[in-house]
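**Student:** Quick one, structure for this:
(one chain, ligands or ions: 3)
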Amino acid sequence: MKKSIVMLGAPGAGKGTQAKLMSEKYGIPHISTGDMLREAVKEGTELGLKAKEIMERGELVPDDLINAIVKERLARPDCEKGYILDGYPRTKAQAEFLDSVDGVNFVIFIHVPEELIVKRLVLRRTCPNCGAMYHLEFNPPKRDNLCDKCGTPLIQRDDDTEDVVKNRLAVYNEKTAVLLDYYRNRGILYKIDGNRPIKDVLQSIVQVVGE
Ligand code: ADP
Ligand code: ADP
Ligand code: ZN
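**Tutor:** Ligands and ions are numbered 1, 2, ... in the order given. You can find the predicted model right below:
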């Protein structure tokens, strides 16, 4: 069966971390709309110019822009056996659009208590070269501030500051949390306790999605 998987959860819940591990395990692409947007900002494309300030404030990029890039991405041949969407959909309109493009069969909701989120994000570090994710306390790199995989110096994302994180959480509660009911009603929402070691969270996901 094709594995069409959506990762859902607040910012910092661990969606990207798990999606990367799942992508390696299942051999299907990890599609992060946040990564695609950051790439567009870095390259200075038309999309990037539109998205930059919105992202810096922690608001959402307009649905039609993001829907268009996701549709194009899902049409590529590497998605034929399935894919893992991370950071999309984030609004009801995006979820409805996704339904019109392809059928989702697993929605993995990673739940982490809100009071833990800020600490997760302000201490998050990312590799600007290969996208690997670290946490200064919970998942530190082996060598100080250097990526384990490629040796590149790690960076902190512009939107991982306390003020912007709080706004991102508010936006999540206002616009994205409604998707929990949307998918629960269809019987495809699987809630996973994300406040455990990374490998234990992965194990619970594999129990749902299969070996
Ligand atoms: P999201 O994609 O949901 O925003 P990330 O996967 O980037 O979240 O994780 C946010 C931060 O929390 C990162 O610094 C990551 O290393 C750390 N993290 C991820 N999963 C766990 C976990 N199970 N326990 C502790 N820290 C984690
Ligand atoms: P997170 O750590 O919260 O998972 P992401 O990397 O998914 O962060 O997203 C970073 C930013 O990119 C968001 O705050 C938002 O501005 C923008 N973004 C990413 N995905 C979407 C989307 N599906 N719809 C609208 N905006 C998005
Ligand atoms: Zn790297």
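**Student:** so Ala13 sits right up against Gly194, yeah?
**Tutor:** Yes - using C-beta atoms under 8 Å, Ala13 makes contact with Gly194 at a distance of 5.0 Å. From N, CA and C alone the C-beta is placed, and that goes for glycine too.
**Student:** Pull up the overlap in contacts between the two.
**Tutor:** Counting by C-beta atoms under 8 Å, 6 or more residues apart in numbering, the common neighbours of Ala13 and Gly194 are 110-112.
**Student:** So which of those wins on neighbours?
**Tutor:** If you count neighbours using other C-beta atoms under 10 Å, the busiest of the shared contacts of Ala13 and Gly194 is Ile110, which has 24 neighbours.
**Student:** Could you double-check that it sits in contact with Ile192?
**Tutor:** Yes - Ile110 is within contact range of Ile192, at 5.2 Å (criterion: C-beta under 8 Å).
**Student:** Now list whatever residues contact both of those two.
**Tutor:** Joint contacts of Ile110 and Ile192 (C-beta under 8 Å, 6+ apart) are Val201.
**Student:** Just the residues contacting the helix or strand bottoming out on mean pLDDT in the chain, thanks.
**Tutor:** Taking mean pLDDT, DSSP states H and E as the measure, the chain has helix 114-122 as its least confident helix or strand, at a mean of 93. Identification of contacts with helix 114-122 by C-beta under 8 Å, 6+ apart yields 10-14, 112, 135, 137-138, 160-162, 165-166, 169, 195.
**Student:** out of everything not next to it in sequence, what's closest to the residue of the chain found nearest ligand 2?
**Tutor:** Across the chain, no residue is closer to ligand 2 than Gly34, which sits at 1.9 Å (C-beta to the nearest ligand atom). Using C-beta to C-beta, 6 or more residues apart in numbering and skipping residues adjacent in sequence, the residue nearest Gly34 is Gly87, 4.6 Å away.
**Student:** For the chain, which residues are neighbours of ligand 3?
**Tutor:** Counting by C-beta under 5 Å from the ion, the residues of the chain close to ligand 3 are 127, 129-130, 132, 147, 149-150, 152.
**Student:** Adding pLDDT, write those residues out as JSON lines.
**Tutor:** As requested, the residues of the chain next to ligand 3 are arranged in JSON lines below (pLDDT from 0 to 100):
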{"residue": "Cys127", "pLDDT": "94"}
{"residue": "Asn129", "pLDDT": "90"}
{"residue": "Cys130", "pLDDT": "90"}
{"residue": "Ala132", "pLDDT": "92"}
{"residue": "Cys147", "pLDDT": "98"}
{"residue": "Lys149", "pLDDT": "96"}
{"residue": "Cys150", "pLDDT": "97"}
{"residue": "Thr152", "pLDDT": "97"}
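**Student:** filter these to the buried ones?
**Tutor:** 127, 132, 147 (16 or more other C-beta atoms under 10 Å).
**Student:** Distance check, the last one against Thr176.
**Tutor:** In this case it means Cys147. Separation of Cys147 from Thr176 (C-beta to C-beta, to the nearest Å): 29 Å.
**Student:** try the first one
**Tutor:** Between Cys127 and Thr176 the computed distance is 26 Å (C-beta to C-beta).
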